[in-house]
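Q: Whatever this is, show me its structure:
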Amino acid sequence: MSLSRDQVTKIAHLARLDIAEADVAKYQSELSNILTMVEQMSAVDTKGVDPMPHPFDLGQRLREDEVTESNQRESFQAIAPQVEAGLYLVPKVIE
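A: Numbering: from 1, shown residues only. This next block holds a predicted model:
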């Protein structure tokens, strides 16, 4: 699958990325290569193949869940720009 310059520019806009006009051709080529690889992978017949969480049949090494740091909430909130009722207030980011 090949992407056009307009599609790359639109994707960059949606991702809130500022891409220089000189770099659009490079991203166009790289993104098109990625989509071509995904198409090839999608064409592989995977019926009858069980999903694997990991290629090796190993257990996950887990450590004990224990507190290693002291509670510094008060000191962190003291330097925060805005705090209310123990919560950090941040600007609205959804348009």
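
Q: wouldn't residue 3 be in contact with residue 33 here?
A: No. Using C-beta atoms under 8 Å as the test, residue 3 is too far from residue 33 to be in contact (10.0 Å). From N, CA and C alone the C-beta is placed, and that goes for glycine too.

Q: neighbour-wise, which of the two wins?
A: Shown here are residue 3 and residue 33; by other C-beta atoms under 10 Å, residue 3 has more neighbours (18 against 12).

Q: And the residue nearest the centre of the chain, what's its pLDDT?
A: What sits nearest the mean C-alpha location of the chain, by C-alpha atoms, centre = their mean, is residue 15, with 10.9 Å. The model reports residue 15 with a pLDDT of 95.

Q: Distance check, it against residue 44.
A: With the distance defined as C-beta to C-beta, to the nearest Å, residue 15 ends up 28 Å from residue 44.

Q: ok, longest helix in this protein?
A: helix 24-42 (DSSP state H).

Q: tell me which element residue 8 is part of?
A: Assigned by DSSP states H and E, residue 8 belongs to helix 5-14.

Q: Check which helices and strands that helix sits against.
A: helix 24-42 (3 or more C-beta pairs under 8 Å, 6 or more residues apart in numbering; DSSP states H and E).

Q: before we move on, back to that, orientation of the helix holding residue 8 relative to helix 24-42 in degrees?
A: Here the directions of helix 5-14 and helix 24-42 differ by 90 degrees (axes from the mean of the first three to the mean of the last three C-alpha atoms, to 10 degrees).

Q: ok, and what's touching helix 5-14?
A: 3, 18, 19, 24, 25, 27, 28, 31 (C-beta atoms under 8 Å, 6 or more residues apart in numbering).

Q: If we use 6 Å, what do you get?
A: Contact with helix 5-14 is made by 19, 24, 27, 28, as judged by C-beta atoms under 6 Å, 6 or more residues apart in numbering.

Q: Buried ones in that helix, by neighbour count?
A: Across helix 5-14, burial judged by 16 or more other C-beta atoms under 10 Å covers 8, 9, 12.

Q: got the phi/psi numbers for residue 87?
A: Main-chain dihedrals, residue 87, degrees, to the nearest 10: phi -110, psi 150.
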